[in-house]
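Asks: dropping the sequence and predicted coords here.
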Amino acid sequence: QVQLVESGGGLVQAGGSLRLSCAASGRTFSSYVMGWFRQAPGKEREFVARTSRSGGNTFYADSVKGRFTISRDNAKNTVYLQMNSLKPEDTAVYYCAAGSTGGGSRYGYSYWGQGTQVTVSS
């Protein structure tokens, strides 16, 4: 069982930056693929980024590639999402997720945080 708690969301102007954090409970954090997803009002939850168990491999959605960076610190049981050059279309609730399968689908993740709101004003 893994419990995930996101933080770091907020209101930022277009072009600005935010850093999201996701703290995980338990001693098996390093055994999970970690991902970030987001959901805007009226839209499906979509994949943003994921990182392998060691953090050595990362993968991004095309919409955020070159602007967002996912990283993890297994000693701190924490995964991060650094978001730069934010756009109004990045506005959404951001969720971190942990899974054994991972991948770009929400079905590859078994554990989810409660989400943190990111709002980008134009």
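Replies: Perfect, thanks for sending it.
Asks: which residues touch the most centrally placed residue in the chain?
Replies: Compute the mean C-alpha point of the chain, and by CA atoms, centre = their mean the closest residue is W36, 2.4 Å away. Residues near W36 by CB atoms under 8 Å, 6 or more residues apart in numbering: L20, C22, V48, A49, R50, I70, V79, L81, Y94, Y95, C96, A97. C-beta: built from backbone N, CA, C; applies to glycine.
Asks: show the pLDDT at it.
Replies: The model reports W36 with a pLDDT of 98.
Asks: where's it, which helix or strand?
Replies: W36 belongs to strand 33-39 when elements are defined using DSSP states H and E.
Asks: that strand: how far from the chain's middle?
Replies: A distance of 4 Å separates the centroid of the chain from that of strand 33-39, by CA atoms, centre = their mean, to the nearest Å.
Asks: after it comes which helix or strand?
Replies: strand 46-51.
Asks: what strands line up against the helix or strand just after that next one, and which way round?
Replies: Using DSSP H and E, the helix or strand that follows strand 46-51 in sequence is strand 58-60. Strand 58-60 has these partner strands in its sheet, going by DSSP bridges: strand 46-51 (antiparallel).
Asks: buried residues in the partner strand?
Replies: Residues of strand 46-51 classed as buried: F47, V48, A49, R50, T51 (neighbour count, 16 or more other CB atoms under 10 Å).
Asks: mind exporting the C-alpha coordinates of it to PDB?
Replies: Provided in PDB are the C-alpha atoms of strand 46-51 (Å, rounded to 0.1, in the frame of the first residue of the first chain):
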ATOM      1  CA  GLU A  46      -4.200  12.700 -19.400                       C
ATOM      2  CA  PHE A  47      -0.700  11.500 -19.000                       C
ATOM      3  CA  VAL A  48       2.000  14.100 -18.400                       C
ATOM      4  CA  ALA A  49       5.200  12.300 -17.500                       C
ATOM      5  CA  ARG A  50       6.600   9.200 -15.900                       C
ATOM      6  CA  THR A  51       9.900   8.100 -14.400                       C
END
